[in-house]
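Novice: predicted structure and sequence below. I'll ask about it afterward.
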Amino acid sequence: MSRKRSKRYLENKKKVSEIKSTSLNDAIKAFKSNKGVKFDETLDISVMLNKEKNKGEGLARGFVQLPSGTGKKIIVAVFATGDKAKEAKEAGADIIGNEDLIKNIKDGKINFDVAVSTPDMMKDIAVLGEKLGPLGIMPNPKTGTVTDNLSKTIKSIKGGQIQFKSEKNAIVQAGIGKLSFTEENLVSNIKEFINSIKKSKPDSIKGKFINKVYISTSMGPSIRIENIK
């Protein structure tokens, strides 16, 4: 059974389909001119990768500091003890713990967006892989979330650093900012995100790494973007 779309969605989709140019700037202009909803929509990006014979999951992985932030309040949980726990608190971490935090997560209490850990805690939180792994928030050195420099990491995350990881179908998806952002800020965020994915390209992939790029709003249709530089 097909999903019934709202009148607003159908009107916006018609307007989007009439766009002759698929440049990044024109796409953002189109979204900004669409009939909006009663909240500040997130601009989402979907990047389809060239996976060739490789598995799609984890093909691209890393983190990126969005120049204009995400427009979203990020809740950060930190696994740390002693002085490092104090450092995390002073840096603005929302949740700090060790054994107590591990138990809460085992019980299904996952009320945060990003998890960070000191290296010495990794042996203790390995058991959380089944809980945090599927959500893409298990602390990992490749995403910069296993570190002794908690202050810098927490402040970067709060300031617009996001993690990315390709899914099984070799697609990377992320919220790239709010529709209320200026066109210039959204463009800079998207370009920085795309560049970070390109830098994560594994040596096993020959030729181009990114096949297609789409952007969309939370409640609206998507537009394919060409020639992002």
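Specialist: The structure has been received and is ready for your questions. Numbers count the residues shown, from 1 in each chain.

Novice: contacts only, for the residue most central in space within the chain.
Specialist: Of all residues in the chain, the one closest to the mean position by C-alpha atoms, centre = their mean is Ala174, 3.7 Å from it. Applying C-beta atoms under 8 Å, 6 or more residues apart in numbering to Ala174 gives the contacts Asp44, Ile45, Ile162, Phe164, Phe193. Where you see a C-beta, it was placed from the backbone N, CA and C, and this is true even at glycine.

Novice: what helix or strand is the second one located in?
Specialist: Okay, so that is Ile45. strand 42-49 (DSSP states H and E).

Novice: in that strand, what's buried?
Specialist: By neighbour count on 16 or more other C-beta atoms under 10 Å, the buried set for strand 42-49 is Thr42, Leu43, Asp44, Ile45, Val47, Met48, Leu49.

Novice: and for stretch 70-79?
Specialist: Going by 16+ other C-beta under 10 Å, stretch 70-79 has these buried residues: Thr70, Gly71, Ile74, Val76, Ala77, Val78, Phe79.

Novice: how about the contacts of Ala174 in JSON lines, adding pLDDT?
Specialist: Supplementary listing: the contacts of Ala174 in JSON lines, determined by pLDDT from 0 to 100:
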{"residue": "Asp44", "pLDDT": "94"}
{"residue": "Ile45", "pLDDT": "95"}
{"residue": "Ile162", "pLDDT": "89"}
{"residue": "Phe164", "pLDDT": "89"}
{"residue": "Phe193", "pLDDT": "96"}
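
Novice: quick one on the thing from earlier: as a markdown table, the buried residues of stretch 70-79 with distance to Lys158 and secondary structure would be great.
Specialist: A markdown table is the format used below for the buried residues of stretch 70-79 (distance: C-beta to C-beta, whole Å; DSSP: H, G, I helix; E, B strand; the rest coil):
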| residue | distance to Lys158 | secondary structure |
| --- | --- | --- |
| Thr70 | 10 | coil |
| Gly71 | 13 | coil |
| Ile74 | 6 | coil |
| Val76 | 7 | strand |
| Ala77 | 13 | strand |
| Val78 | 12 | strand |
| Phe79 | 17 | strand |
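
Novice: which segments of this protein make up each domain?
Specialist: 11-69+162-225, 76-158 (automatic domain parsing).

Novice: so what's the residue count around the nearest residue to Gln65 once chain neighbours are set aside?
Specialist: Closest residue to Gln65 apart from its sequence neighbours, by C-beta to C-beta, 6 or more residues apart in numbering: Gln161 at 4.7 Å. Neighbour count of Gln161, defined by other C-beta atoms under 10 Å: 21.

Novice: do the same with Lys109
Specialist: Neighbour tally, Lys109, other C-beta under 10 Å: 12.

Novice: ok, now Lys165?
Specialist: Using other C-beta under 10 Å: Lys165 sits among 20 other residues.

Novice: surely it touches Gly136?
Specialist: Yes. Here Lys165 lies in contact with Gly136, judged by C-beta atoms under 8 Å, at a distance of 5.3 Å.
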